[in-house]
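**Student:** what follows is a protein structure lacking sequence information:
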């Protein structure tokens, strides 16, 4: 039998890819519109000023992060002990219920801040189980030699959906307010069906009878003791924690650039356009050399573009900077994900992915909290400029604190490279 030369030649990977695309399209569009609704309700129904309403966006990020923080040890353990397709499908089902609830509440015009915060908690709980279980499936359905390309294509699925999802949701919201949530519900149901059609991925045999509490601790010990993995995971945590401008896009759309929900969809899509173009390139010609330096450079570009976006008052320039931001982030994410997956044994992959997902979630959701708080103190522009400069500082600091990162030459096991060097 001829060995596949592309992940797309593998039927299970195609279904996995389509499932991720459908889920990402649904959730990215749903969360963009939800954020706009939250900000608009705070301004219109609760009579809040710009800074106070922007702070509500930060609170929304925090309520999503709390369940991730509390449930990460359990989520990683579940991904390593139970069938990963079913775990991911259950997580998607929670987002399906959120979409149905939002569609009904929006149509009945009963949206309130407490309801949105409750749904944010549910979404955070769903994401903490979705990420580790889904990410751990790909290495089990494609050969190791195709894994870098499979990861690039998987990232491309997410980024492509992140382009179309927010644009479609913004347009639908302007037409019929509940329509984007109804579309999300249909796509999430489709995603569940596709994912469950992938062949079963049984958990590693050594995990079935181990003590659960010890297993959870072992995941944290593994990451703590492996400085290379620790550097990869925490780089994104601190850079995006400071540099995230996403939470404040509703403020820029409504009160700075004055482009409304349609413009918000364009801005959310712009960063995904840059990322998707890079992802398309990487799926055809993956990065192979000097991967550590290029990962750090991607984070630096991300920070610089964030700073420039914060200063822009012209929509085309803002969109261009967001596209550059997305391109830099995609390079960093692709390299980091590939390095982490190739340097993690399958027996602990779910737990390591859970910790990595927690770092990503902390950078995103706590980044939203940080952005909301900074906006309340410095204004939206000051918060974004400060965050972009902070991301650049973090990049330089991590190159110094974790010299293992810039020394990573290829995607071959970092530890094998070390052995060869000695």
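**Tutor:** Happy to help now that I have it. As the structure is a computational prediction, the values presented were derived from the model and not from experiment.

**Student:** where does residue 93 fall, helix, sheet strand or coil?
**Tutor:** The three-state label given to residue 93 by DSSP: H, G, I helix; E, B strand; the rest coil is helix.

**Student:** residues contacting it?
**Tutor:** Taking C-beta atoms under 8 Å, 6 or more residues apart in numbering, we find residue 93 in contact with 188, 192. Yep, even glycine has a C-beta here, placed from its N, CA and C like the rest.

**Student:** and it, how far is that from residue 100?
**Tutor:** Relative to residue 100, residue 93 is positioned 11 Å away (criterion: C-beta to C-beta, to the nearest Å).

**Student:** list the buried ones in the strand or helix carrying residue 269?
**Tutor:** For residue 269, the enclosing helix or strand under DSSP states H and E is helix 260-284. Buried residues in helix 260-284, counted by 16 or more other C-beta atoms under 10 Å: 261, 263-283.

**Student:** again with stretch 116-127
**Tutor:** 116-117, 119-120, 122-127.

**Student:** can you name every helix or strand that the helix or strand hosting residue 376 contacts?
**Tutor:** Secondary-structure assignment from DSSP H and E places residue 376 in helix 367-401. The helices and strands touching helix 367-401, judged by 3 or more C-beta pairs under 8 Å, 6 or more residues apart in numbering; DSSP states H and E, are helix 50-81, helix 227-243, helix 291-311, helix 404-407.

**Student:** can you give me how far the second one is from the chain middle?
**Tutor:** The one in question is helix 227-243. How far helix 227-243 lies from its chain's middle: 14 Å, per C-alpha atoms, centre = their mean, to the nearest Å.

**Student:** tell me the angle that helix makes with helix 291-311.
**Tutor:** 10 degrees (axes from the mean of the first three to the mean of the last three C-alpha atoms, to 10 degrees).

**Student:** next, the angle helix 367-401 makes with helix 227-243.
**Tutor:** Following the same axes, to 10 degrees, one obtains 140 degrees for the angle between helix 227-243 and helix 367-401.

**Student:** what sits up against whichever helix or strand comes after helix 227-243?
**Tutor:** Past helix 227-243, further along toward the C-terminus, the next helix or strand under DSSP H and E is helix 249-251. Contacts with helix 249-251, where a contact means C-beta under 8 Å, 6+ apart, come from 35-36, 38-40, 50, 53-54, 57, 264, 267-268, 375, 380.

**Student:** now those residues as JSON lines including pLDDT?
**Tutor:** Listed next are those as JSON lines, based on pLDDT from 0 to 100:
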{"residue": "35", "pLDDT": "84"}
{"residue": "36", "pLDDT": "83"}
{"residue": "38", "pLDDT": "90"}
{"residue": "39", "pLDDT": "86"}
{"residue": "40", "pLDDT": "86"}
{"residue": "50", "pLDDT": "80"}
{"residue": "53", "pLDDT": "85"}
{"residue": "54", "pLDDT": "78"}
{"residue": "57", "pLDDT": "80"}
{"residue": "264", "pLDDT": "80"}
{"residue": "267", "pLDDT": "85"}
{"residue": "268", "pLDDT": "75"}
{"residue": "375", "pLDDT": "76"}
{"residue": "380", "pLDDT": "80"}
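
**Student:** and those residues, which two are furthest apart?
**Tutor:** Taking C-beta to C-beta as the measure, the contacts of helix 249-251 reach their widest spread between 50 and 268, a distance of 19.6 Å.

**Student:** low-confidence bits of the stretch 251-400 of the chain, can you list those?
**Tutor:** Within the stretch 251-400 of the chain, the segments meeting pLDDT under 70 span 342-372.

**Student:** hang on, the earlier thing: which of the buried residues of stretch 116-127 lies closest to residue 197?
**Tutor:** For residue 197, the nearest member of the buried residues of stretch 116-127 is residue 126. The distance, counting by C-beta to C-beta, is 20.6 Å.

**Student:** right, and that closest one touches residue 95 too?
**Tutor:** Yes. Using C-beta atoms under 8 Å as the test, residue 126 is close enough to residue 95 to be in contact (5.1 Å).

**Student:** ok so, going back, can you lay out the helices and strands packed on helix 367-401 as TSV showing distance to residue 3 and mean neighbour count?
**Tutor:** Output for the helices and strands packed on helix 367-401, formatted as TSV (distance: least, C-beta to C-beta, whole Å; neighbours: other C-beta atoms under 10 Å):
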stretch	distance to residue 3	mean neighbour count
helix 50-81	28	22
helix 227-243	29	23
helix 291-311	25	23
helix 404-407	32	19
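
**Student:** out of those, which comes closest to residue 318?
**Tutor:** With C-beta to C-beta, the closest approach to residue 318 among those belongs to helix 291-311: 5.7 Å.

**Student:** next SSE after that closest one?
**Tutor:** Criterion used, DSSP H and E; the element after helix 291-311 is helix 315-342.

**Student:** report the angle between that next one and helix 227-243.
**Tutor:** Going by the same axes, to 10 degrees, helix 315-342 makes 160 degrees with helix 227-243.

**Student:** what angle sits between helix 315-342 and helix 260-284?
**Tutor:** Orientation of helix 315-342 against helix 260-284 (the same axes, to 10 degrees) gives an angle of 40 degrees.
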